[in-house]
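[1] Quick one, structure for this:
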Amino acid sequence: MVRAMTRPLSGIAALGFQAGDRSWRAEFSETLALAWPIALTQLGQIAMMTSDLALIGRLGEAAVAAAALAHLVLFGTFVLGMGLVSAVAPLAAQAFGARDPRMVRRALRVGLWAALLLGFPLTWLQLQGEAILLAAGQTPEAARLAHTYLSGLAWSLVPSWWFIALRGFMGAVNRPEPALWITLIAIPANAVVAYVLIYGTFGLPRLELLGAGVATTTINVLMCVAGFWICYTRPPFRKYHVLGRFWRPDWPLLGKLVVIGAPISGTFVLEYGLFGGAALLMGWISTTALAAHQIALQTASILFMVPFGIGMAATVRVGHAVGRGDAAATRRAGLAAIVLGAAFMTAMTLVVVSTRDLIPVLVLGSDPSTADTAALVAQLLLLGATFFIADGIQTVAAGALRGLNDTRVPLLLAATSFWVIGFVASYGLAFPAGMGAPGVWIGFSLGLATYAILLVWRFHALTGRHYLPAVPSAG
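    Below you'll find the model as predicted:
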């Protein structure tokens, strides 16, 4: 299966790729320089979520369960806006490549407006979390606790999306590091604020789950403010005057952002839905299966952040080349990023497979009562070898295609790969075939591998015929 995924990469040879080729070496170097701050920023976001869960965990199992339910409601809405503001990066990168600073600013501006317009209804929707969870069959107590958490957490949507848009702008102009600095400062600040508000220190009331939600919103607002301050006052960002004419409507470009970003949102929903569906299937099998799945999937999530950063770098590098009208550089940027993502995930997969018996011990300890769960975690991590590599390749290839403004066809490919193949195979192998939890992982591994192959083929095919999208101009 891994060999199958690498076949589309043979297109590199058609470009005359050799290890000593200066243009390829420069592409690898510049992609890595752009990707590592983005990847570390993503890991920082996971670190903040992990610290929140650790603090909530001290409130008891009911609080942890309520937090899990609240995050289901949150992420169901979050990914919709995340896709839209993710379109800022390719639009701004293309404008940067075309040396059109006004269009760079406009791309960011319409992203901020899209987040604001979508934020009003989706924030209100989150505040109806209790009713939503009750309708979904959750217990009144769990729904009430989740609603308490969401009452503080719901307000984080717009500032979170704005920070993603600002990050996309920073990356598009080849300066992603400030977003990393902000995140590194936010990690300990988040832990302190969450602790103070959850447990009520320094004379403040003990707010428990509400405090956890308020802390997350507070930190997201401060991160957003810091991002705006840097973009507005510090070089090289200030020359773009990011808030210039902010109140001026820009409906044509907003429409283009929606055309590019809405399919990205749809793809995120389909992908997160697949993993949510896999968790549902695991819950039908047993509590042990669900616990093992969550531990193994958390390992995959941590690994995923690096290729995700490479994928965002691919969007920028491809977008720059598109803006310059350089078809050869467009192809080289995408293929170089895909090779980097595949190489990293292959190396990390070997590490995970060789330490698969140690990873569950780090989470569960050596308690004999968790031996069955630990054994299943190790089995799933071994089965995940193909899944890890495919997941890394698909996110980089998707990022490269976004640099070409190609998002609608990937959405259709995602629907086919994740649900027609992935979910159907997971259910069929887990239940009719009687394979249980391993069958679920084999099934969605097949879906992800299919998606990775199709995306690499799509990028190879488009750039092979020197396809370049039209780049909007500020006129």
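[2] what residue ranges in this structure score low on pLDDT?
    1-21, 61, 363, 473-475 (pLDDT under 70).
[3] Over to the spatially most distant residue from the centre of the chain: give its phi and psi.
    No residue in the chain sits farther from the centre than residue 203, which is 37.7 Å out by CA atoms, centre = their mean. Phi and psi for residue 203, reported as degrees, to the nearest 10, are phi 80, psi 0.
[4] give the contact list for it.
    Not one residue lies near residue 203 by CB atoms under 8 Å, 6 or more residues apart in numbering. For glycine as for every other residue, the C-beta is placed from the backbone atoms N, C-alpha and C.
[5] mind redoing it with 10 Å?
    residue 196 (CB atoms under 10 Å, 6 or more residues apart in numbering).
[6] Same question for residue 143.
    66, 69-70, 129-137 are the contacts of residue 143 under CB under 10 Å, 6+ apart.
[7] are any of those buried, and which?
    With burial judged by 16 or more other CB atoms under 10 Å, the buried subset of these is 66, 69-70, 129-130, 132-133.
[8] And those residues, which is closest to residue 402?
    Of all the buried ones among the contacts of residue 143, residue 70 has the smallest distance to residue 402: 29.7 Å, by CB to CB.
[9] Next secondary structure element downstream of the host helix or strand of the closest one?
    Per DSSP states H and E: residue 70 is located in helix 61-86. Downstream of helix 61-86, the first helix or strand assigned by DSSP H and E is helix 88-97.
[10] Look up how far residue 110 lies from residue 98.
    Remark: distance between residue 98 and residue 110 (CB to CB, to the nearest Å) = 17 Å.
[11] do you know how far the nearest residue to residue 277 once chain neighbours are set aside is from residue 185?
    Leaving aside its chain neighbours, residue 277 sits nearest to residue 423 (5.3 Å; criterion: CB to CB, 6 or more residues apart in numbering). Residue 423 sits 40 Å away from residue 185, going by CB to CB.
[12] Neighbour count: those two, which is higher?
    Neighbours per residue (other CB atoms under 10 Å) separate residue 423 from residue 185, with residue 423 holding more: 21 against 15.
[13] Counting neighbours, which bits of the longest helix anywhere in the chain end up buried?
    Ranked by residue count, the top helix of the chain under DSSP state H comes out as helix 287-324. In terms of neighbour count (16+ other CB under 10 Å), helix 287-324 has its buried residues at 288-297, 299-300, 302-324.
[14] same thing with stretch 375-389?
    Applying 16+ other CB under 10 Å to stretch 375-389 flags 376-381, 383-389 as buried.
[15] tell me, how many neighbours does residue 281 end up with?
    24.
[16] Let me see the contact set for residue 215.
    48, 52, 55, 152-153, 156, 189-198, 207.
[17] Give me the phi and psi for residue 136.
    phi -90, psi 0.
[18] mind checking how far it is from residue 76?
    In terms of CB to CB, residue 136 sits 11 Å off from residue 76.
[19] thinking again about what came up before, tilt between whichever helix or strand comes after the longest helix of the chain and helix 88-97?
    Past helix 287-324, further along toward the C-terminus, the next helix or strand under DSSP H and E is helix 327-354. Between helix 327-354 and helix 88-97, the angle comes out at 140 degrees (axes from the mean of the first three to the mean of the last three CA atoms, to 10 degrees).
[20] what angle do helix 327-354 and helix 287-324 make?
    Using the same axes, to 10 degrees: helix 327-354 against helix 287-324 is 160 degrees.
[21] Helix or strand: which one has the closest residue to residue 62 other than its chain neighbours?
    In this structure, residue 62 finds its nearest non-sequential neighbour in residue 145, 6.3 Å apart by CB to CB, 6+ apart. Element membership of residue 145, judged by DSSP H and E, is helix 140-153.
[22] List the buried residues for that helix?
    Residues 142-153 are the ones in helix 140-153 that count as buried (16+ other CB under 10 Å).
[23] Tabulate the residues you listed (TSV), appending distance to residue 117.
    Listed next are these as TSV, based on distance: CB to CB, whole Å:
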residue	distance to residue 117
142	32
143	29
144	31
145	31
146	26
147	25
148	28
149	25
150	21
151	23
152	23
153	20
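[24] Identify, from the residues you listed, the entry nearest to residue 280.
    Nearest member of those to residue 280, counting by CB to CB, is residue 142, at 16.4 Å.
[25] Contact partners for that closest one?
    62, 65-66, 68-70, 130, 133-134.
[26] Residue 51 now?
    Here residue 51 is in contact with 187-188, 190-192, 194-195 (CB under 10 Å, 6+ apart).
[27] again with residue 334
    With CB under 10 Å, 6+ apart, residue 334 has these contacts: 11, 27, 31, 314-315, 317-318, 321, 396-397, 399-401, 403-404, 456, 459-460, 462-463.
[28] make it 7 Å
    314, 318, 400, 459, 463 (CB atoms under 7 Å, 6 or more residues apart in numbering).
[29] Kindly report the same for residue 329.
    Applying CB under 7 Å, 6+ apart, the residues near residue 329 are residue 321.
[30] So it versus residue 100, what's the distance?
    Residue 329 is 18 Å from residue 100, by CB to CB.
[31] Over to residue 185?
    From residue 185 to residue 100 the distance is 33 Å (CB to CB).
[32] related to what we said a few turns ago, which one of residue 98 and residue 110 is surrounded by more residues?
    Set residue 98 next to residue 110 and count neighbours by other CB under 10 Å: residue 110 wins out with 27 against 20.
[33] quick one: the helix or strand harbouring the more buried one to helix 88-97, angle?
    Element membership of residue 110 [criterion: DSSP H and E] is helix 101-126. Here helix 101-126 runs at an angle of 170 degrees relative to helix 88-97 (the same axes, to 10 degrees).
[34] Around residue 54, how many other residues sit close by?
    11.
[35] wait, I meant residue 121
    Residue 121: 9 neighbours (other CB under 10 Å).
[36] one step back: for the residue nearest to residue 62, what are its contacts?
    62-63, 66, 209.
[37] Buried ones from those, can you make that a PyMOL selection?
    A single PyMOL command selects the buried members of the contacts of residue 145 (16+ other CB under 10 Å):
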select buried, resi 63+66+209
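[38] and the contacts of residue 145 as JSON lines, adding distance to residue 280?
    What follows is the contacts of residue 145, written out as JSON lines (distance: CB to CB, whole Å):
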{"residue": "62", "distance to residue 280": "21"}
{"residue": "63", "distance to residue 280": "22"}
{"residue": "66", "distance to residue 280": "18"}
{"residue": "209", "distance to residue 280": "24"}
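[39] and which of the contacts of residue 145 is nearest to residue 360?
    residue 63 (23.9 Å).
[40] Could you measure from residue 448 over to residue 455?
    Taken as CB to CB, the span from residue 448 to residue 455 is 11 Å.
[41] hey, what's in contact with both of those two?
    In contact with both residue 448 and residue 455: residue 394, using CB under 7 Å, 6+ apart.
[42] out of the contacts of residue 143, who's nearest residue 213?
    Nearest to residue 213 among the contacts of residue 143, with distances taken as CB to CB, is residue 70, at 7.7 Å.
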